[in-house]
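> predicted model and sequence below, questions to follow.
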2 protein chains.
Amino acid sequence: MMADKVKRPIIAVGSGKGGVGKSTLTANLAVSLARAGYKVGVVDADIYGPSQPTLLDPSGQKPKARDKQLIAVDSEFGVKLLSTGHMIEPGKAIAWRGPMTGGALTQMMEADWGDTELLLIDLPPGTGDIQLTMIQKFKPDGAVVVSTPQDLSLIDAARAMDLFRQAHVPIIGLVENMAGYMCPHCGEISDPFGTGGAQAAAGQLEETFLGRIPLAMEIRVSSDTGQPLAAGDTPQGQAFAGIARKVSDWLKAKGSHG
Amino acid sequence: MMADKVKRPIIAVGSGKGGVGKSTLTANLAVSLARAGYKVGVVDADIYGPSQPTLLDPSGQKPKARDKQLIAVDSEFGVKLLSTGHMIEPGKAIAWRGPMTGGALTQMMEADWGDTELLLIDLPPGTGDIQLTMIQKFKPDGAVVVSTPQDLSLIDAARAMDLFRQAHVPIIGLVENMAGYMCPHCGEISDPFGTGGAQAAAGQLEETFLGRIPLAMEIRVSSDTGQPLAAGDTPQGQAFAGIARKVSDWLKAKGSHG
């Protein structure tokens, strides 16, 4: 059982601002990468608002432990998963100060991940304790940053990217989420949160633009019901697969790990 | 200059999950309450992702200090304001661990607020250091909780309400945001994030439902440009005013403070 000692690439998914679809992107990226042949694990580091059990594993499995080491659970999409959502009853506040969140993160990062080849970390909003512990203790190999096209979201994304840059974590690129909503009545596209803002910001900041995910009712429904669209072949699922391909290319270009 | 020693009612605006419109609601609620005659101050406690300077005061004023005490700045909407966004350069990460955030919160709460009668606190997402310091040190008189109709958001709102309940902070009520988007092409309404979920959750949890704010491009544009819709009389502005009226009624029913 030495598999968990292996050094596997760690990719952090961050946003600065919450509610921009970071968790949904992480889950769908994980499923897309799993379909592309990677053995993927997801650490839900959004400790106060853990969404990954809802997104990836609605069956409500609890992780087991062996010799005080947690064992990651298997989702039905071939992705392994650990989340505080597994451990805390729904509806109960996770009222933890920084050091406790650092402890929870460490427990999940140092769990038994079996033959997992790649860990995706769903970071909480902000640039606080969890981000600092993640960066200082587990140094991610790369970061994906998500933003809506709205200025208020881009302002926070710029702060998140600054933190990665300061810590010398390479930024794989920026994803624009919630651009382009198709009216279910007339089929026309409009942009409640604007469009193109994240792509323009990526250009200004000289970062790679990884792609655009539409604001789609299908994504919300599939997220709430634990059926990630990346598991299917709808246009939305393909948008996630396109981003996964760029992440996979980045990993290959970066060379061998572990 | 003893005005700042007055005990004024404190209302916390929280959500659990980020990106559900908590900051936009706080800013518009403040402007609505100011129009209704209250002298209102806003503490932007979303320390890692401060949005209030963009929402309320795009002119970029810096707060002054006197004898190490900060002096709240006046926005052009008659609302006083303090935010870490005033102090940290745009694009720079606010890489602070819990104790530093507690210090920043205390500095803002104990600033010179002049004749302010009512403080609204824009809380960050989660149930961590800032929420715990706010509750333990500054015990809010009441809390407004915001959620989108989406399950993923309601799950986190329930956790936030649990924290307030555990701390005996009365919950004034729940606001549903981003329900009902009107297609700019055909004028029909649809619900990318669902609808009614927050109202149903308020019923189940036996909490007051304060109202519904539509997902409207006007709100995004006005937010990004620092022109809160509550300052005008559009239908969106009136939706905020309706919620402000309920908060005002709650304050009056609660009786005299200060």
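It's in.
> residues in contact with stretch A:192-199?
With contacts defined as CB atoms under 8 Å, 6 or more residues apart in numbering or on different chains, stretch A:192-199 is touched by A:147-151, A:153-154, A:157, A:174-181, A:209, A:212, A:215, B:181, B:192, B:215-217, B:220, B:224. For glycine as for every other residue, the C-beta is placed from the backbone atoms N, C-alpha and C.
> now stretch A:239-247
Stretch A:239-247 has contacts (CB under 8 Å, 6+ apart) with A:11, A:25, A:28-29, A:31-33, A:35-36, A:144, A:172-173, A:175, A:208, A:210-214, A:228-230.
> now go through the contacts of stretch A:192-199 and say which are in helices.
A:151, A:153, A:154, A:157, B:217, B:220, B:224 (DSSP state H).
> where does pLDDT dip in chain A?
Applying pLDDT under 70 to chain A flags residues A:1-6, A:256-258.
> which strand in it runs the most residues?
When chain A is parsed with DSSP state E, its longest strand is strand A:171-182.
> what packs against the next helix or strand along the chain from it?
Next helix or strand after strand A:171-182 toward the C-terminus (DSSP states H and E): strand A:189-190. Applying 3 or more CB pairs under 8 Å, 6 or more residues apart in numbering or on different chains; DSSP states H and E, one finds that strand A:189-190 contacts strand A:171-182.
> CA atoms of the strand it packs on as CSV?
Written as CSV, here are the backbone C-alpha positions of strand A:171-182 (Å, rounded to 0.1, in the frame of the first residue of the first chain):
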residue,chain,number,x,y,z
ILE,A,171,-1.2,29.2,-14.0
ILE,A,172,-2.5,26.7,-16.6
GLY,A,173,-5.1,29.2,-17.7
LEU,A,174,-8.4,31.0,-17.2
VAL,A,175,-11.9,29.6,-17.8
GLU,A,176,-14.9,31.8,-18.5
ASN,A,177,-18.1,30.5,-16.9
MET,A,178,-21.8,31.5,-17.2
ALA,A,179,-21.3,33.3,-20.6
GLY,A,180,-24.1,32.9,-23.1
TYR,A,181,-27.5,31.8,-21.9
MET,A,182,-29.9,30.4,-24.5
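> run the contact check for it versus chain B.
Yes: Strand A:171-182 comes into contact with chain B (CB under 8 Å from any CB of the partner chain), by way of residue A:181.
> that strand vs strand B:171-182, what angle?
70 degrees (axes from the mean of the first three to the mean of the last three CA atoms, to 10 degrees).
> what is strand A:171-182 packed up against?
For strand A:171-182, the packing partners by 3+ CB pairs under 8 Å, 6+ apart come out as helix A:22-35, strand A:142-147, helix A:151-166, strand A:189-190, helix A:197-204, strand A:209-215, helix A:235-254.
> biggest separation within the ones in helices among the contacts of stretch A:192-199, which pair?
Within the ones in helices among the contacts of stretch A:192-199, A:157 and B:217 form the most distant pair, 20.5 Å apart (CB to CB).
> which one of those two is surrounded by more residues?
Using other CB atoms under 10 Å in any protein chain shown, the more surrounded residue of residue A:157 and residue B:217 is residue A:157, with 29 against 16.
> quick one, what contacts the more buried one?
A:15, A:16, A:17, A:20, A:145, A:146, A:147, A:174, A:198, A:201.
> at 6 Å instead, please
Listed by CB atoms under 6 Å, 6 or more residues apart in numbering or on different chains, the contact set of residue A:157 reads A:16, A:145, A:147.
> for the last one, give its distance to chain B.
As judged by CB to the nearest CB, to the nearest Å, residue A:147 and chain B stand 10 Å apart.
> chain neighbours aside, what residue packs nearest to that residue?
Nearest residue to residue A:147, sequence neighbours excluded (CB to CB, 6 or more residues apart in numbering or on different chains): residue A:157, at 3.9 Å.
> which parts of the stretch 1-150 of chain A are strands?
Applying DSSP state E, counting those that start in this stretch to the stretch 1-150 of chain A gives strands spanning A:10-14, A:40-44, A:65-66, A:69-70, A:73-74, A:80-83, A:118-122, A:142-147.
> need the ones you listed in JSON lines (columns: distance to residue A:54 and mean neighbour count).
Compiled in JSON lines, those are given as follows (distance: least, CB to CB, whole Å; neighbours: other CB atoms under 10 Å in any protein chain shown):
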{"stretch": "strand A:10-14", "distance to residue A:54": "16", "mean neighbour count": "26"}
{"stretch": "strand A:40-44", "distance to residue A:54": "10", "mean neighbour count": "28"}
{"stretch": "strand A:65-66", "distance to residue A:54": "23", "mean neighbour count": "11"}
{"stretch": "strand A:69-70", "distance to residue A:54": "19", "mean neighbour count": "16"}
{"stretch": "strand A:73-74", "distance to residue A:54": "14", "mean neighbour count": "18"}
{"stretch": "strand A:80-83", "distance to residue A:54": "9", "mean neighbour count": "27"}
{"stretch": "strand A:118-122", "distance to residue A:54": "12", "mean neighbour count": "25"}
{"stretch": "strand A:142-147", "distance to residue A:54": "18", "mean neighbour count": "27"}
